[in-house]
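> fold the following, please.
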Amino acid sequence: MNRINQKLQADKKILSIYFSAGYPNLNDTVQIIQDLEKSGVDMIEIGLPFSDPLADGPTIQASSTQALHNGMTTQVLFDQLKDIRKSVSIPLIIMGYFNPMLQYGVENFCKKCAEIGIDGLIIPDLPVDVYADEYKATFEKYDLINVLLITPQTSDERIGFIDSVSNGFIYMVSSASVTGSQSGFGSTQEAYFKRIADMNLRNPQVIGFGINNKETFNQATQFAKGAIIGSAFIQYLTENGTGKIEDFVKAIR
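Residues are numbered from 1 along each chain as shown. Below you'll find the predicted structure:
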C-alpha cells in the first residue's frame, strides 16, 4: 500500500508541510525533510521550483526564485533525494508545475520518483481531464498518487469527477486567492469546508492555503483529515534558518 494511503488510515489529523527544494540553500533539502519527520510532521510536500508559479503567493514565489538562483533543477532534486528512504519513512510528495515534468519526460519523471520512493505528485496546472485521459495509467504503473485540487468555485459535478479519478486525498484549496494571503478563516470558508465534508467523498480531504498557526490548523481539521502549511513555514525558515524546525512544528501541534 502507498505510504500516503497508510498515513490517511491513521486515527489522527495529518500535518503536512510544504517547502521549496533548494531553499534557503541548495543543499538544505534533505536535512529539512529529516528534521520535519523528527519533529512529528506526518507528510511532506517538496516544492520543485519553477520560473512562473501561478498559484503561489509572494513568499513561496520568492523562495522558488531563490532556489532556482541557487541552482535547483529537476535533476538536482532527484540526485539529492536518491538515498532519502534510508533515513525517512513518512510520505513524500513532489509539488510542482507540469512544464518541468514534461521537459524531463512524464514517464521518466514518474519512473525516477518510484525509484527514489516518492509517493505522490501535486501538479496544479495539469487539468484533471488531461490527467485522466493521458497520464493516469502511467502514474498508476509507478504507484504514484496524483493529488488533485478543488477550490470554493469547483462545481459539485466536477468535485465528483475529481473524487472518482483520485486514489489518495483531495487537496482542498481554502480560498480562490494565492497561497499565504489569509489570516484565519471566516464563515464563508467554514461553510465551504462543511459543504465538502457533507458530500461524503470517497477520498479524504486535506486543506491548504491560509493555514499558518495552531488556530488555523485546528479550524481546518475540524472539517478535514488534515491541513497543509507552506508559506508560514518558508517565512519561518527565512527568519530563523534551518536550525529550529522543531520549534515551528511544536507551535502548531
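
> centroid-nearest residue for this protein?
Centroid check for the chain by Cα atoms, centre = their mean gives Glu45 as the closest residue, at 3.9 Å.

> nearest spatial neighbour of that one, skipping sequence neighbours?
Tyr18 (4.0 Å; Cβ to Cβ, 6 or more residues apart in numbering). Just so you know, the C-beta spots here come from the backbone N, C-alpha and C atoms, and that holds for glycine as well.

> what mean pLDDT would you report for the helix or strand Glu157 falls within?
Applying DSSP states H and E as the criterion places Glu157 in helix 156-165. Averaged across helix 156-165, the pLDDT comes to 98.

> so what touches it?
128, 131-132, 136, 148, 150, 154, 170, 196, 199, 201-203 (Cβ atoms under 8 Å, 6 or more residues apart in numbering).

> for those, which one is nearest Ile228?
Nearest to Ile228, judged by Cβ to Cβ, of these is Ile170 at 11.9 Å.

> got a pLDDT number for that closest one?
98.

> so it makes contact with Asn203?
Yes - with contact defined as Cβ atoms under 8 Å, Ile170 reaches Asn203; the gap is 5.0 Å.

> who has more neighbours, those two?
Each of Ile170 and Asn203 has its neighbours counted (other Cβ atoms under 10 Å); Ile170 has more, 24 against 20.

> backbone torsions only: list them for Thr242.
Main-chain torsions, Thr242, degrees, to the nearest 10: phi -100, psi 0.

> one step back: give me the pLDDT for the residue nearest to Glu45.
So Tyr18 comes in at 97 (pLDDT).

> quick check: the residue nearest to the centre of the chain is in a helix.
No - counting by DSSP: H, G, I helix; E, B strand; the rest coil, Glu45 is not found in a helix; it is strand.

> now do the SS call for Leu121.
Quick answer, by three-state DSSP: Leu121 is strand.

> how close does it get to Phe185?
Using Cβ to Cβ, to the nearest Å, Leu121 is found at 27 Å from Phe185.
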